[in-house]
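# how would this look folded up:
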Amino acid sequence: MKHPQLQLRTTVALLNELGRQMPRLMGYDEAGGKQDFAAWQKKARRKLKELLGFLPAKVKKPKSWLLETEELDEFTREQWALESPLGDHILLYRLVPHQEPRAVMLAFHGHGLYGADFVAGVNRGRPGEQEAIDQCNYDYGVQFARHGYLVYAPCQRGFNQRNDNGVPYGEGWEADAGNSSEPSRCSCVDINSRAILLGTTDIGLRIQDGIGLIDWIKSRPGEKELPLGCVGLSGGGHTTELLAAVEPRIEAASIQGYFCYWTEQIMDVTHCNCNYVPHLLRYFEQDDVCALICPRPLLVTTATNDGVAPVKSFRKAYRALKAIYRDQGVEKNLEQDIFEGGHEFTGRKAFKFFAKHLRKK
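Next up is the predicted model:
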């Protein structure tokens, strides 16, 4: 009897192939987005929220506390604590330009020891701090404040003060029981593993925090009338993408160092656990999710040597998303920037992009 040709390859390779072949049940092309865009967006947005696993909110009118104020040359940097929709607390920086703000900008950080500190320009000389800011051009919250934006830079779950493994290099921080001299960069695995058991996700909790933050901003006199934008690098780009997809109050967004195809980003390479949402690729690819931002203005960026958003995959995903914006007659509202460099924020187009699209009514 002739033996079969055995398929002795890795399970990861098998899953990657299945991921590439799998139709997207709620994709723009597959679920009729071109034929009835409004109806598709309504269904797709509802499905995306379901996949992210929003939990019932416990707090409708959050309390807030101003913790610290620091006067700088071009803006005032405040640190606030805000109740999250689930009743714990969000720590955030508020950068207030000395001039009348032109708009509000949400600025989300990515992975790293110090969370929103990078984005808000807080540099205490801690290990690796200046290197990260220089390498990733990471103080983009400061850059937007200098351009006249009122910036909110929240610390995302799993990082810095919200790191479940201890506050890295903060005052009073002590090494863990293993006497490690290096604290964990994040606690995303700890959060997402447990969140999935409850039908939610790490990134879903972050998106709920973002919605709660927008609710608070929109309740504040003098701020609720201002246009609202959103920007983020890497994991901050991930949050920006999903938050803008489900939250129409964001009027323009820039996803930096994240946009491409998930099948060529978090399937081909194992990334941080916070990127993984159960059943996501059965329903959506990134161009489908970003189609939920359309017709609002969107700028996506990557670099020639960006390993998180590979340029080849970025180009393919951008062509697909461009076709969607073209279908809806708003092709001019979608822009890209591919630049020479690595995994970093670029303001080469961002500041002009937001100045164009975030205008006071």
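# so how many other residues sit close to residue 145?
29 (other CB atoms under 10 Å). Placement of C-beta: from N, CA and C, glycine included.
# right, I mislabeled it, should have said residue 197
8.
# quick check: it vs residue 33, distance?
Here the criterion is CB to CB, to the nearest Å. By it, residue 197 lies 33 Å from residue 33.
# residue 48 too?
Residue 48 is 13 Å from residue 33, where distance means CB to CB.
# in contact with residue 347, which residues?
By CB atoms under 8 Å, 6 or more residues apart in numbering, the contact list for residue 347 reads 137, 140, 143.
# mind running it again at 7 Å?
Each residue near residue 347 by CB atoms under 7 Å, 6 or more residues apart in numbering is listed here: 140, 143.
# let me know the pLDDT of it.
On pLDDT, residue 347 comes in at 97.
# so it belongs to a helix, correct?
No - under DSSP: H, G, I helix; E, B strand; the rest coil, residue 347 sits outside any helix and is assigned coil.
# helix, strand or coil for the closest residue to residue 31 other than its chain neighbours?
Nearest-residue entry for residue 31: residue 40, 5.8 Å, with adjacent residues in sequence omitted and distances by CB to CB, 6 or more residues apart in numbering. Here residue 40 takes the helix state, with states given by three-state DSSP.
# my guess is residue 40 contacts residue 29. True?
No - counting by CB atoms under 7 Å, residue 40 stays clear of residue 29, with 10.0 Å between them.
# in stretch 298-307, which residues are buried?
Buried residues in stretch 298-307, counted by 16 or more other CB atoms under 10 Å: 298, 299, 300, 301, 302, 303, 306.
# make JSON lines out of those residues and add secondary structure, pLDDT and distance to residue 351.
Listed next are those as JSON lines, based on DSSP: H, G, I helix; E, B strand; the rest coil; pLDDT from 0 to 100; distance: CB to CB, whole Å:
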{"residue": "298", "secondary structure": "strand", "pLDDT": "98", "distance to residue 351": "16"}
{"residue": "299", "secondary structure": "strand", "pLDDT": "98", "distance to residue 351": "10"}
{"residue": "300", "secondary structure": "strand", "pLDDT": "98", "distance to residue 351": "16"}
{"residue": "301", "secondary structure": "strand", "pLDDT": "98", "distance to residue 351": "12"}
{"residue": "302", "secondary structure": "strand", "pLDDT": "98", "distance to residue 351": "18"}
{"residue": "303", "secondary structure": "strand", "pLDDT": "98", "distance to residue 351": "18"}
{"residue": "306", "secondary structure": "coil", "pLDDT": "96", "distance to residue 351": "20"}
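# which one of those sits closest to residue 313?
For the buried residues of stretch 298-307, the closest approach to residue 313 (CB to CB) belongs to residue 302, at 8.9 Å.
# my guess is the closest one meets residue 314, correct?
Yes - the pair residue 302 / residue 314 is scored as a contact, 4.5 Å apart, by CB under 7 Å.
# who touches both of the two?
Listed as contacting both residue 302 and residue 314 by CB under 7 Å, 6+ apart are residue 259.
# residue boundaries of the helices in this protein?
Remark: helices assigned in the chain by DSSP state H are 11-21, 37-52, 116-119, 129-136, 140-146, 188-197, 202-217, 235-246, 280-283, 286-290, 311-327, 350-357.
# how many degrees apart are the second one and helix 311-327 in direction?
Between helix 37-52 and helix 311-327, the angle formed by their directions is 140 degrees, by axes from the mean of the first three to the mean of the last three CA atoms, to 10 degrees.
# quick one: residues in contact with helix 37-52.
By CB under 7 Å, 6+ apart, helix 37-52 touches 26, 28, 31-33, 201, 203-204, 207, 242, 245-246, 277, 279-280, 283-284, 289, 292, 328.
# can you pull the buried residues of it?
Neighbour-count burial for helix 37-52 flags 37, 40, 41, 44, 45, 47, 48, 49, 51, 52 (criterion: 16+ other CB under 10 Å).
# could you export that helix as CSV, CA atoms only?
C-alpha atoms of helix 37-52 as CSV (Å, rounded to 0.1, in the frame of the first residue of the first chain):
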residue,chain,number,x,y,z
PHE,A,37,-22.4,51.7,2.4
ALA,A,38,-24.5,53.1,5.3
ALA,A,39,-26.2,49.8,6.0
TRP,A,40,-22.9,47.9,5.8
GLN,A,41,-21.2,50.4,8.2
LYS,A,42,-24.0,50.1,10.7
LYS,A,43,-23.8,46.3,10.7
ALA,A,44,-20.0,46.2,10.6
ARG,A,45,-19.6,48.7,13.4
ARG,A,46,-22.0,46.7,15.6
LYS,A,47,-20.1,43.5,14.8
LEU,A,48,-16.7,45.1,15.6
LYS,A,49,-17.9,46.2,19.0
GLU,A,50,-19.2,42.7,19.7
LEU,A,51,-15.8,41.2,18.8
LEU,A,52,-14.0,43.8,21.0
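# and the angle for that helix with helix 235-246?
130 degrees.
# now do the longest one
Calculated by the same axes, to 10 degrees, helix 311-327 forms an angle of 20 degrees with helix 235-246.
# equivalent analysis for the fourth one, please.
Direction vectors for helix 129-136 and helix 235-246, defined by the same axes, to 10 degrees, enclose an angle of 60 degrees.
# tell me how far helix 129-136 lies from the chain's centre.
Its chain's C-alpha centre and that of helix 129-136 lie 19 Å apart, by CA atoms, centre = their mean, to the nearest Å.
# pLDDT on that helix, on average?
So the average pLDDT for helix 129-136 ends up being 90.
# got the buried residues for it?
In helix 129-136, counting by 16+ other CB under 10 Å, buried: 129, 132, 133, 136.
# the last one too?
Taking 16+ other CB under 10 Å as the basis for neighbour counts, the residues of helix 350-357 that come out buried are 350, 351, 353, 354, 357.
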